[in-house]
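Undergrad: Everything below, folded, please.
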Amino acid sequence: MKKNEVQLGTIHAAFSYLLWGLLPIYWKLLNTVEAKEILANRVFWSFVFMLLILVFSKKLGLLVETLKGFAQRKKQMYALIVASVLISINWFVYIWAVNNGHLIETSLGYYINPLVSILLGMLVLKEKLSIYQYISFGLATIGVLIITIAHGEFPWVAIVLAVTFGVYGLVKKVINVDSAVGLTLETLVMTPIAAIYMLVLFVKGSNSFLNPSIATDLLLIGAGAATAVPLLYFAKGAQKIPLSLLGFLQYIAPTIMLLLGVFVYDEHFSKVQLLSFIFIWTALTIYSLSRTKLFAEIELKMRKEKTLS
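TA: Down below sits the predicted model:
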């Protein structure tokens, strides 16, 4: 892999995570709109935006070919539907949490997401874990338990976000299509439901879209681009950089969310939460280092010594 390609890929990936980290500011501007209506508009306008992207990139034919190919590849079609439902649940919980004072818990969800992916890999794909990954998962579990026991309430927002996005990533492994086409199809699945819901709100007169505020209308339409642009930059970056580097970069988004929650939106960050986050940050540090060449060599040496003894 060429050095300039890695540098460009790093910029693209880092930019995507930066946008994801700052996205709560966007949703906060829509805090007068119900989460369900924001989600419906996000799905609908994401589909419209992605169709325009496919037209300008001359990939509309590829979209049609992919749709026709699902007749022979039913497994991929079902996986696409599941992926669409999962990402919609993730989006809804995320929007609701941001606009209801749970931004810190949202960041927690995206911090533990990589560790959920480890667990899914072990349980579903039968992947073997290293000793460092077992330690990481154990420390993260302790962190979640600390919050649960101290507050007497399960951190469901964080867990739902982590699990839905983790399973979404797992399901995406089955869908072997162009990234832009894939995102278009995922939004296509939910677009009819989103459009019907928007129409029902309009008939009832309880809609925020196309009501007096032009600013709200523009923000709801812009939700499509706000959703698609980071995903497209992420896809560009992920293709050009090593997975280990991508693993480090993915912590940019939840870190920004945490800082926004504490310093911008004045969410309470208790000592118990700090202790929990310390366990999770330690787990993520060990996990990230375990993916480096140095740790891989240390582990291999340990296994050889164990075999010889």
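Undergrad: how near is the residue lying closest to Ile38 once chain neighbours are set aside to Thr106?
TA: In this structure, Ile38 finds its nearest non-sequential neighbour in Ile95, 5.1 Å apart by CB to CB, 6 or more residues apart in numbering. In this view, the C-beta of every residue, glycine as well, is placed from N, C-alpha and C. Taking CB to CB, to the nearest Å as the criterion, Ile95 is separated from Thr106 by 10 Å.
Undergrad: returning to that earlier point: how deep is the residue nearest to Ile38 tucked in, by neighbour count?
TA: Around Ile95 sit 26 other residues, with neighbours defined as other CB atoms under 10 Å.
Undergrad: residue contacts, it?
TA: Contact analysis of Ile95 by CB atoms under 8 Å, 6 or more residues apart in numbering lists 27, 35, 38-39, 42.
Undergrad: cool, Ala283 as well?
TA: The neighbours of Ala283, taking CB under 8 Å, 6+ apart as the test, are 115, 135-140, 143.
Undergrad: which of the residues you listed count as buried?
TA: Neighbour counting over the contacts of Ala283 (16 or more other CB atoms under 10 Å) leaves 115, 135-137, 139-140, 143 as the buried ones.
Undergrad: Could you pick out which of these are located in helices?
TA: Secondary-structure check on these using DSSP state H: residues within helices are 115, 135-137, 139-140, 143.
Undergrad: List the buried residues for stretch 63-70?
TA: 63, 66.
Undergrad: Tell me the buried residues in stretch 234-244?
TA: Within stretch 234-244, the residues that qualify as buried by neighbour count (16+ other CB under 10 Å) are 234-238, 240-241.
Undergrad: CSV for those, including pLDDT?
TA: Shown next, in CSV, are the buried residues of stretch 234-244 (pLDDT from 0 to 100):
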residue, pLDDT
Phe234, 84
Ala235, 78
Lys236, 79
Gly237, 81
Ala238, 74
Lys240, 77
Ile241, 78
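Undergrad: Look at Leu245 and report its pLDDT.
TA: We have a pLDDT of 69 for Leu245.
Undergrad: center of this protein - which residue?
TA: Phe165 (5.3 Å; CA atoms, centre = their mean).
Undergrad: what packs against the helix or strand encompassing it?
TA: Mapping Phe165 onto the secondary structure by DSSP states H and E places it in helix 156-172. Taking 3 or more CB pairs under 8 Å, 6 or more residues apart in numbering; DSSP states H and E as the contact definition, the neighbouring helices and strands of helix 156-172 are helix 74-98, helix 103-123.
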